[in-house]
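Engineer: Have a look at this fold, sequence not included:
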């Protein structure tokens, strides 16, 4: 049929400029997934990291333990080289458990489920008590003006939008309240800030996370409140605009601490100075055990390279599993890694980050050149047998972001996002919430992608 | 560009034979998902069904409570008609908790985590003790022959294949051991059967599920053992082929009991005698609380119609939410529903079943005519904004299966399958394992599909 022939020619003309051995690659992907699902080590590694080491905030003894643990893991697994990369990290500590309560004539005293925001100053033992002004966004705050804000606690209460299917979009649409809210409130003379937890559900668990102070505005203490208690506070404020909240936090920022990125290599036999990074961040918040954020990404990264080693794959480029330090409250590890790569004149052709939880993989996002996007898109059909279908949306990862300046293709591992913001940055982010197969499927998909990038590059040349 | 024009014509020619108002449908789908995610009632309904009523095996008082509860729910929500459809169901009871233990000289006595298979006869209080012969499949069993099987306990120990991405495929590849294994063993004179749990993971939780006796072979007692204990038993058998297992179960089959399918209707205003069914099964096993299997499918089905009612949608056809009774150990509800539909000369154009857990939706399977498949495929692009992409693989659902004989398009709700077989038919199938957004996304997708089927039919005519 003539039209079909034309169609074929048309489609052939639009295909990327390189070819690959479809059946060899199909077989290799089958092997990577089979190895992940049959002899996978990611789950047992995460078990140790989560249950023996646990939460590992930058600068903590547990973060140091996680550094040594991941070094030993990669040694044990026979990586060619394993080394530590020094990085000075912030050392914020929560101190004694924070408290907050509503005090008003009608309801009496009601304890709120709260936790201090990361990097926040503390109120100290005297605490602070003030009346509360609720806003949904910075425009509302500015319209209230200094006369209505000064001396008060600003309560940011804009929920994540539940109608956004990608919950990261909903998080992105709300998180300015947490990151910049304290300084915006301080600028108008507020004494403290309460932020509705960045959560996709309503429950009693407060979600921590970092704030960023604008030094020109002065530093005021800030806490997150559970979504249920945010709703309660909002309701009570409608009855009694004069109710007061008492909050007491003991957090403080100590001097920087020496810590490390942990790097394990599998040397390339053809282009050893071309690097492919696969990584996650080793630090977590000081709540839960950081299994999804980002223990999962760390063990998947180690596992991706273990799988290729176990299958006897000999890479052309040098493959690196990188455990970045201090993503949560500073990004010092990611910045240091990129600076060192530049100083060492290393060519990083691609970096993959897994930092969206250990859930069923859907695909990979990318930020990079058109050629890099085409390369990624050309591999999409190979992932179809694994129900991995979502390729090419924009995005990379926080830790690998700084590599983008030198033209590295930045690739984000993209798992299902529906559950993530019920546990992100909370006591509920624990090993029990990770499903073994889901975690392993992700590791298999990352191994597969590393293989394809190593074999074909990101620019269609080889 | 000429080739592009030809391409366009070619693609246009291959499109299904009917058109739809894309923008109106896009808007309607957006509304169904928004309603599900913003004002959804599926999660609170499931909370009641799971936590107040709990496990509800056919014939149990809890199954009767679930019938009355779902009737009341659909009344409360303003369905046009709600009624019960009588169906006689088997009444199998587990009785006193079963036990099993390994007894051998070297290891002494080791308790096994087991549960009787549904519909199994019991050993009675005297129990049974016998040596054990392990096989992986029926061929192995037959090769052993009567001389090696008679008087023994047959231990089926073939795991689900972890490399199959769709875990239902792995389940389908192993479940013959549970369903037919007891009779195959009895045929060779075995006294009892132990089946490795149908589980995708290794843990300490036994998975029940139905067996089907072949009456010509005689009935012997059968239990499922946790995957960890299956591995243990297999290991110990290698050391000591003469070890014995003692098993004691108290289950029995009582006389049939009167129960009901529960049906709620939203009357069609143009073709009231054309029906679209959306359903799940109300019964569960007597372990856990049946939240995923299949409380989720029940509340999603009610919710799908509630969403359309709340949005003010006026259906052309009559929409029915059907809570089928006795899927787990008899399928009497599904058989009765189809027989009654035939007797009443009702035209069922499509039936959707949700019975694969309340996980993130991926798409819909279909068994039906080519026209019906084309109709479903033509709607696929409308679901892309919701990350629902997997349409048209073969499959329907157990309860709606009997409707297939009269040409009804059978459609299966297809969620992510990775976690299902860690909890299926176990004490671990509880409300806490259901994620609210995942459940709601499924309900929204089902409402959307009901709308499209109602508007366009399944045969391209209107």
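Structural biologist: It's in. Every value quoted in this text rests on a predicted model; they were computed, and no experiment measured them. Numbering: from 1, shown residues only, chains lettered A, B, ... in the order given.

Engineer: okay, CA-based contacts and neighbour counts for the rest of this
Structural biologist: Fine.

Engineer: Regarding the residue nearest the centre of chain A, what is its secondary structure?
Structural biologist: For chain A, the residue lying nearest the average C-alpha position, counting by CA atoms, centre = their mean, turns out to be residue A:355 (3.9 Å). Applying DSSP: H, G, I helix; E, B strand; the rest coil to residue A:355 yields a three-state assignment of coil.

Engineer: what distance separates stretch A:173-184 from the centre of its chain?
Structural biologist: Shown here is stretch A:173-184, whose average C-alpha point lies 18 Å from the average C-alpha point of the whole chain (CA atoms, centre = their mean, to the nearest Å).

Engineer: State the distance spanning the first to the last residue of that stretch.
Structural biologist: Start to finish, the residues bounding stretch A:173-184 are 17 Å apart (CA to CA, to the nearest Å).

Engineer: what is the mean pLDDT for that stretch?
Structural biologist: Taken as a whole, stretch A:173-184 has a mean pLDDT of 98.

Engineer: and if you look at stretch A:59-79?
Structural biologist: Rounded to a whole number, the mean pLDDT of stretch A:59-79 is 98.

Engineer: likewise stretch A:420-437?
Structural biologist: In this model, stretch A:420-437 has a mean pLDDT of 98.

Engineer: Now do it: distance to the chain's middle.
Structural biologist: Distance of stretch A:420-437 from the chain centroid (CA atoms, centre = their mean) equals 13 Å.

Engineer: Buried ones in it, by neighbour count?
Structural biologist: Along stretch A:420-437, these residues count as buried under the neighbour rule (16 or more other CA atoms under 10 Å in any protein chain shown): A:420-431, A:434-437.

Engineer: ok, and does that stretch reach over to chain B?
Structural biologist: Yes - with CA under 8 Å from any CA of the partner chain as the measure, stretch A:420-437 is seen reaching chain B through A:435, A:436, A:437.

Engineer: And the residue of the stretch 251-400 of chain A that's closest to chain B?
Structural biologist: When you check the stretch 251-400 of chain A against chain B by CA to the nearest CA, the closest residue turns out to be residue A:386, at 6.0 Å.

Engineer: Let's have the residues of stretch A:420-437 next to chain B in TSV, adding secondary structure and distance to residue B:33.
Structural biologist: Shown next, in TSV, are the residues of stretch A:420-437 next to chain B (DSSP: H, G, I helix; E, B strand; the rest coil; distance: CA to CA, whole Å):
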residue	secondary structure	distance to residue B:33
A:435	coil	26
A:436	helix	30
A:437	helix	28
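
Engineer: Any idea how many residues pack against residue A:238?
Structural biologist: A count of neighbours around residue A:238, defined by other CA atoms under 10 Å in any protein chain shown, yields 11.

Engineer: Which single one of the residues of stretch A:420-437 next to chain B is nearest to residue A:252?
Structural biologist: Looking at the residues of stretch A:420-437 next to chain B and their distance to residue A:252, the nearest is residue A:435, at 35.4 Å (CA to CA).

Engineer: Test my guess that that closest one contacts residue A:296.
Structural biologist: No - Residue A:435 sits out of contact with residue A:296 when judged by CA atoms under 8 Å, with a separation of 10.5 Å.

Engineer: per-residue confidence for residue A:459?
Structural biologist: Per-residue confidence (pLDDT) for residue A:459: 88.
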